[in-house]
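Asks: below is the sequence, then the predicted model.
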Amino acid sequence: MCAAHPVGDRAVLLDLDGPESVRRVHADLVRHPVEGIVDVVPGARTVLLIAEQGRSRALGIAVQRARKPMDTTATQLTERTVRLPVRYDGADLAEVAARCGMSIEEVIARHSRRTYATAFLGLVPGFAYLTGLDPALHLPRRESPRTCVPAGSLAMASEYTGVYPCSSPGGWHLLGTTDSALWDVEQHPPALLTPGTTVQFDPIR
């Protein structure tokens, strides 16, 4: 399924059938750009296509491309792996362990042994939604969100995990902290994690 919804006169929102379709479409349009398309923005189950002013025909071409069957091996972005050192000292770690029916040590082991994929960015600049979380750790968001989550906080909610790049309100479960900078305007790109980047967490004391 690939429904296309106009967004003003310069953009189209593609409504896809899941994260894997989003990954394939995004990767294809990034690796093989359509002339006139200036941005391709992935979401949880959508891809936003933005065209130059007066280049609406480019949107139609991109939509046709997105609707064609794709070879999975030919639509993968070059993978870059980032390893983030993490202190598993989060305020919600004990509660997560209790709700998941396992020890704190098992929560840490299950979380840190997975390899995650950056699906899309949102919430605040540099916040990457990472897929690949162990299903045994899936929990809904906290009933009472925090008004301020410190920068560098490693957290999880539903099927996602991620690191807060700056202090902000948040309702995810806090598992730990990292000193790695996730957002730096002096770098290009400023976000350490971009769609297609794989991530691994290394426990430290």
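Replies: Perfect, thanks for sending it. Numbering: from 1, shown residues only.
Asks: every contact and neighbour count from this point should use C-alpha atoms.
Replies: Noted.
Asks: and the residue nearest the centre of the chain, what element?
Replies: Centroid check for the chain by C-alpha atoms, centre = their mean gives Y129 as the closest residue, at 2.6 Å. Y129 is part of strand 128-131 when elements are defined by DSSP states H and E.
Asks: can I get that strand in CSV, CA atoms only?
Replies: Coordinates of the C-alpha atoms in strand 128-131 are reproduced here as CSV (Å, rounded to 0.1, in the frame of the first residue of the first chain):
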residue,chain,number,x,y,z
ALA,A,128,16.4,9.3,16.8
TYR,A,129,13.7,6.7,17.1
LEU,A,130,15.5,3.4,17.1
THR,A,131,13.9,0.1,16.1
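Asks: got the domain ranges for the chain?
Replies: The chain breaks down into these domains under automatic domain parsing: 2-74, 81-204.
Asks: which one of those domains has the lowest average pLDDT?
Replies: By mean pLDDT, the lowest-scoring of the domains of the chain turns out to be domain 2-74, with a mean of 85.
Asks: just the buried positions in stretch 180-196, please.
Replies: 181-183, 191-196 (16 or more other C-alpha atoms under 10 Å).
Asks: and stretch 194-205, by the same measure?
Replies: 194-201, 203.
Asks: also stretch 56-73?
Replies: 56, 58-59, 62-63, 66.
Asks: same thing with stretch 34-52?
Replies: Buried residues in stretch 34-52 (16+ other C-alpha under 10 Å): 34, 36-37, 40-52.
Asks: of the buried residues of stretch 56-73, which belong to helices?
Replies: Residues of these located in helices (DSSP state H): 56, 58-59, 62-63, 66.
Asks: got those as TSV, with distance to Y116 columns?
Replies: Formatted as TSV, those follow (distance: C-alpha to C-alpha, whole Å):
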residue	distance to Y116
S56	36
A58	33
L59	31
A62	28
V63	28
A66	25
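Asks: please tell me how far the nearest residue to P42 once chain neighbours are set aside sits from E20.
Replies: Nearest non-adjacent residue to P42, counting by C-alpha to C-alpha, 6 or more residues apart in numbering: F120, 5.6 Å away. Separation of F120 from E20 (C-alpha to C-alpha, to the nearest Å): 12 Å.
Asks: and these two? Which one has more around it.
Replies: F120 (26 against 14; other C-alpha atoms under 10 Å).
Asks: where do the strands sit along the chain?
Replies: 2-7, 11-16, 37-42, 46-51, 81-87, 116-121, 128-131, 146-149, 153-157, 160-163, 168-170, 173-177, 198-204 (DSSP state E).
Asks: now render the ones you listed as TSV, adding distance to A94.
Replies: Output for those, formatted as TSV (distance: least, C-alpha to C-alpha, whole Å):
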stretch	distance to A94
strand 2-7	42
strand 11-16	37
strand 37-42	34
strand 46-51	35
strand 81-87	14
strand 116-121	23
strand 128-131	22
strand 146-149	17
strand 153-157	13
strand 160-163	17
strand 168-170	18
strand 173-177	9
strand 198-204	16
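Asks: list the contacts for the most far-flung residue of the chain relative to its centre?
Replies: Here the chain reaches farthest from its C-alpha mean at G54, the gap being 31.0 Å by C-alpha atoms, centre = their mean. Contact analysis of G54 by C-alpha atoms under 8 Å, 6 or more residues apart in numbering lists R10.
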